[in-house]
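Student: Below are the sequence and a predicted model; questions follow.
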Amino acid sequence: MKFHHLVEINDPLNPLSDFLTREQLWRGLVLRAEAPTLFMSHLDECTILDRTPTSISRALRYGTVVIRDRVSFTPQQEVLYEVPAQGEIAASRMTMRIEEPQPEAFFVRFDYEEGSVEGSGTMDEFYNEFRRSAYYEADLDTISTIRRLADEGRLNHLPS
């Protein structure tokens, strides 16, 4: 299954909306990878297993289930999450890419690729639509959390 959506960050036509700089947005996206428990209440623990200048490997614990993944960074542009197939978990990828069609008019494009088969049955279609909706809501929550952290000043002094 593949799908994507855009989340608007700055609306230049709305002077009342909270404005994020590219640096704040980027730091928030990096923080989501490095401290995901700030963004996902259902995640019990995240352990960083390995770190390079452009990626981290993690173990995410949800109750008794542990999922390993790798997160790669293209600074100020893109965060790529890759989950290899593990047990009954299919391989998947998720990309969060900052887009700027006009100066300071930021969007984040969320791209999903999952190893699950696009089914044509009614239940498969229902399940896939449910997952798309759940991912969209989680992505809106991610941006809301980034906004809150920026408002609290917590995204001003992190490494880029």
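Tutor: Here it is on my side, so go on.
Student: Tell me how far Asp111 lies from Leu6.
Tutor: 10 Å (C-beta to C-beta, to the nearest Å). Where C-beta positions appear, they are placed from N, C-alpha and C, glycine not excepted.
Student: Neighbour count for those two, which is higher?
Tutor: Asp111 (15 against 12; other C-beta atoms under 10 Å).
Student: Thought Met94 was touching the more buried one, still the case?
Tutor: Yes: if you go by C-beta atoms under 8 Å, Asp111 and Met94 touch, sitting 6.9 Å apart.
Student: Could you list every helix and strand that the strand or helix carrying Met123 packs against?
Tutor: Mapping Met123 onto the secondary structure by DSSP states H and E places it in helix 122-151. Applying 3 or more C-beta pairs under 8 Å, 6 or more residues apart in numbering; DSSP states H and E, we find helix 122-151 packed against strand 2-8, helix 22-34, strand 105-114.
Student: would you turn those into TSV with distance to Pro84?
Tutor: Converted to TSV, those look like this (distance: least, C-beta to C-beta, whole Å):
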stretch	distance to Pro84
strand 2-8	18
helix 22-34	17
strand 105-114	13
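Student: Packed most tightly, which of those would that be?
Tutor: Mean neighbour count (mean count of other C-beta atoms under 10 Å) peaks for helix 22-34 among the helices and strands packed on helix 122-151, with a mean of 20.
Student: Not counting residues beside it along the chain, what's closest to the residue nearest to the spatial centre of the chain?
Tutor: Nearest residue to the geometric centre of the chain (C-alpha atoms, centre = their mean): Met96, 5.6 Å. Setting aside the residues directly before and after it, Met96 is nearest to Val79 in space (C-beta to C-beta, 6 or more residues apart in numbering), at 4.7 Å.
Student: pretty sure the one you found is in contact with Val71, am I right?
Tutor: Yes: if you go by C-beta under 8 Å, Val79 and Val71 touch, sitting 6.4 Å apart.
Student: where do the contact lists of those two overlap?
Tutor: Listed as contacting both Val79 and Val71 by C-beta atoms under 8 Å, 6 or more residues apart in numbering are Ala33.
Student: now stretch 73-85, how far from the chain's geometric center?
Tutor: Chain-centre distance of stretch 73-85: 9 Å, with C-alpha atoms, centre = their mean, to the nearest Å.
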